[in-house]
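Participant: Pasting the sequence and the predicted model now:
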Amino acid sequence: QYQLVESGGGLVQPGGSLTLSCAASGFTSGWGAIGWFRQAPGKEREGVACVGGSGRTTGYADSVKGRFTISRDNAAHMVYLQMNSLKPEDTAVYYCAADKRLSGLCVLGPDEYDVWGQGTQVTVSS
């Protein structure tokens with residue numbers, strides 16, 4: 001059974017930092033691209049960052065470029081999202097998602113991903 005579990009969300013002041021973690025299990029044959037998405041109340045789910053299967057390819061939404069960094073540790077089955085210089089508009093539920101296909105590409109569209117975590121809340125407020 002494939003499973004993704006996010007952690008690390010919380011309340012942070014504007015300008016602060018948080019690191020989200022995503023623990024994967026059940027991917028016994030390996031896993032492909034991983035994406036981080038977020039959804040704020042009343043808004044559509046937005047792709048934030050992605051990383052290819054090897055970890056060499058990454059992609060970021062313009063809104064977070066230069067502030068967020070995605071990384072993965074395949075041996076530990078972990079994916080991370082380092083978030084710096086956080087803004088109130090970063091407030092959302094953050095989800096990690098995996099593409100079970102080993103050939104899956106790093107894309108910011110949700111349709112490529114077929115395993116999703118339950119989400120973790122990030123609130124940026126003073």
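Facilitator: Perfect, I can see it now.

Participant: Leu102 versus the spatially most central residue of the chain, what's the distance?
Facilitator: Nearest to the geometric centre of the chain sits Trp36, at 2.1 Å (Cα atoms, centre = their mean). Taking Cβ to Cβ, to the nearest Å as the measure, Trp36 falls 20 Å from Leu102. Backbone N, C-alpha and C define where each C-beta goes, glycine included.

Participant: Kindly give the local confidence score, pLDDT, for Pro88.
Facilitator: Listed pLDDT for Pro88 reads 97.

Participant: neighbours around it, how many?
Facilitator: 11 (other Cβ atoms under 10 Å).

Participant: That one contacts Pro14, correct?
Facilitator: Yes. At 6.0 Å, Pro88 counts as touching Pro14 under the criterion of Cβ atoms under 8 Å.

Participant: Now for those two: what residues contact both?
Facilitator: Common contacts of Pro88 and Pro14, defined by Cβ atoms under 8 Å, 6 or more residues apart in numbering, comprise Val124, Ser125.

Participant: just checking, the residue nearest to the centre of the chain touches Leu81?
Facilitator: Yes. With contact defined as Cβ under 8 Å, Trp36 reaches Leu81; the gap is 4.8 Å.

Participant: Now the common contact residues for the two.
Facilitator: Shared contacts of Trp36 and Leu81 (Cβ under 8 Å, 6+ apart): Leu20, Cys22, Val48, Ala49, Phe68, Ile70, Tyr94, Cys96.
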